[in-house]
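Peer 1: Here's my sequence, what's the structure:
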Amino acid sequence: MKNILNFFTYIVIVAGIVFGLPKLLSHYLNTPYPMAAITSGSMWPALKEGDLVFIQGVEPEQMKVGDIVVFRDKKNSHFVIHRVTKINDKTKTFVTKGDANFSEDEPSDFADLVGQTFEIKGKSIRIPYLGSITVFASNLKEEKKMESIKTP
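Peer 2: Have a look, this model is predicted:
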């Protein structure tokens, strides 16, 4: 009986962390997307593939050149995490570039801005390897999607 009680206590604690932590962070960081996994090496060495980063909601007017921001890519409608290289207040656009990339991204609208990485003392807070779970799951999902396209 004690083992069953311990098991259910463990399940409740894990569920509280999995479902409660994002809601708490969402409120604290002022964004509906408080966490993101780094899925490529484009921001190396500042952020590495598999890192989990925290996202803080910001207004476009608060954005500065050099900030690492999260925005929605218009082409694929997925999130991109890159560093701001230019801001154009007249056209309400900004340009980003991955630290490890050779070229800048296409300009993005202020409306596409999701937030910026949460920083302490000018350094993005990241949890190494924890985002690998999300990367692995999204790769599995993509493989399944490709299989369903191939299957008549």
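
Peer 1: Kindly state the domain boundaries assigned to the chain.
Peer 2: 1-30, 32-141 (automatic domain parsing).

Peer 1: Pick the most deeply packed of those.
Peer 2: domain 32-141 (a mean of 16; mean count of other CB atoms under 10 Å). Quick note: C-beta positions are derived from backbone N, CA and C, even for glycine.

Peer 1: and Lys97, backbone torsions?
Peer 2: When read as degrees, to the nearest 10, the backbone of Lys97 gives phi -160, psi 140.

Peer 1: can you check the one 10 residues further on too?
Peer 2: Per-residue torsions, Pro107: phi -60, psi 140 (degrees, to the nearest 10).

Peer 1: circling back to that earlier point, can you put the domains of the chain in CSV and add mean pLDDT?
Peer 2: Shown next, in CSV, are these (pLDDT from 0 to 100):
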stretch, mean pLDDT
domain 1-30, 79
domain 32-141, 92
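
Peer 1: Look up phi and psi at the residue nearest to the spatial centre of the chain.
Peer 2: For the chain, Ala36 is the residue whose C-alpha lies nearest the centre (CA atoms, centre = their mean; 2.6 Å). Per-residue torsions, Ala36: phi -150, psi 150 (degrees, to the nearest 10).
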